[in-house]
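>>> this is a predicted model, with the sequence first.
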Amino acid sequence: MGDISRLAEEVRAGAGKIDILFLNAGVASFSPVETASEAHYDEIMDLNVKGVYFTVQKFLPLLNDGASIIFNTSVNAVLGVPGSSVYAASKAALLAINKVLAKELAPRKIRVNAVSPGPVTTPLYDKLGMKQEELEGFGKLLGSKVLLSRFGNVEEVAHVVRFLASDEASYVTGTEVTVDGGLTVNAVV
């Protein structure tokens, strides 16, 4: 929590107040429930939920009224992918927090939304804890289920985040925008 406090102080000293808080930090690794360790659980929940939650808390005094908070979540929160129970739970927790904070911060006109990417080409896939052949099989399975027949790219997700942060989304709060090429309407497994 010390790092979050230091970051908030650096922002306060440099910018004073901010209009956008995009919470994109996190970790993903998969393990079936039979072999998931407490360390696996703690690492994912500490970074993906606890770290994000307290970052919002520390930055609330720095947010201008009318600011925008955007959580980066994941379609894994709803897909039921085997081996992803802890990761999925961490992203589902953010979706719940998103809705609660939208209500809590509405008096300050702070909009709170979530973007939930599907498979996007990022270095994260190399960190899932899978063997190379498992990773390739997982990528092939996902690619076959995406209606647009490809993985997304970070720019496509960034466009949605930019929209949610902008005045063009001034009447959007408490919602989740899914950026997955149609994956969630086409069963993964």
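Alright, I've got the coordinates.
>>> gap between stretch 47-58 and the chain center?
Averaging C-alpha positions (C-alpha atoms, centre = their mean, to the nearest Å) puts stretch 47-58 12 Å from its chain's average.
>>> now swap in stretch 172-189 and tell me
Centroid separation for stretch 172-189 versus its chain: 12 Å, with C-alpha atoms, centre = their mean.
>>> mind listing what's buried along that stretch?
172-174, 176-181, 183-184, 188 (16 or more other C-beta atoms under 10 Å). (Each C-beta comes from the backbone N, C-alpha and C, glycine too.)
>>> other residues contacting it?
73, 75, 78-82, 95, 98-99, 102-103, 106, 111-120, 141-142, 145-152, 156-157, 160, 164 (C-beta atoms under 8 Å, 6 or more residues apart in numbering).
>>> dump it to PDB, restricted to CA.
Provided in PDB are the C-alpha atoms of stretch 172-189 (Å, rounded to 0.1, in the frame of the first residue of the first chain):
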ATOM      1  CA  VAL A 172     -22.400   6.500 -19.200                       C
ATOM      2  CA  THR A 173     -21.800   5.200 -15.700                       C
ATOM      3  CA  GLY A 174     -21.900   1.900 -13.800                       C
ATOM      4  CA  THR A 175     -21.600  -0.100 -17.000                       C
ATOM      5  CA  GLU A 176     -19.300  -2.700 -18.600                       C
ATOM      6  CA  VAL A 177     -18.200  -2.400 -22.200                       C
ATOM      7  CA  THR A 178     -17.100  -5.700 -23.600                       C
ATOM      8  CA  VAL A 179     -14.400  -5.600 -26.200                       C
ATOM      9  CA  ASP A 180     -14.000  -9.200 -27.300                       C
ATOM     10  CA  GLY A 181     -14.800  -9.600 -31.000                       C
ATOM     11  CA  GLY A 182     -18.000 -11.500 -30.100                       C
ATOM     12  CA  LEU A 183     -16.300 -14.100 -27.900                       C
ATOM     13  CA  THR A 184     -18.900 -13.900 -25.100                       C
ATOM     14  CA  VAL A 185     -21.800 -14.600 -27.400                       C
ATOM     15  CA  ASN A 186     -20.000 -17.700 -28.700                       C
ATOM     16  CA  ALA A 187     -19.300 -20.300 -26.000                       C
ATOM     17  CA  VAL A 188     -15.600 -20.900 -25.300                       C
ATOM     18  CA  VAL A 189     -15.900 -24.500 -24.000                       C
END
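>>> what mean pLDDT does that stretch get?
Averaging pLDDT along stretch 172-189 yields 87.
>>> Val177: which element?
strand 176-179 (DSSP states H and E).
>>> what sits up against the host helix or strand of Ile44?
Ile44 belongs to helix 38-45 when elements are defined using DSSP H and E. Contacts with helix 38-45, where a contact means C-beta under 8 Å, 6+ apart, come from 27-29, 31, 86-87, 89-90, 93.
>>> direction included, what does the strand holding Val177 pair against?
Using DSSP bridges, strand 176-179 pairs in its sheet with strand 111-117 (parallel).
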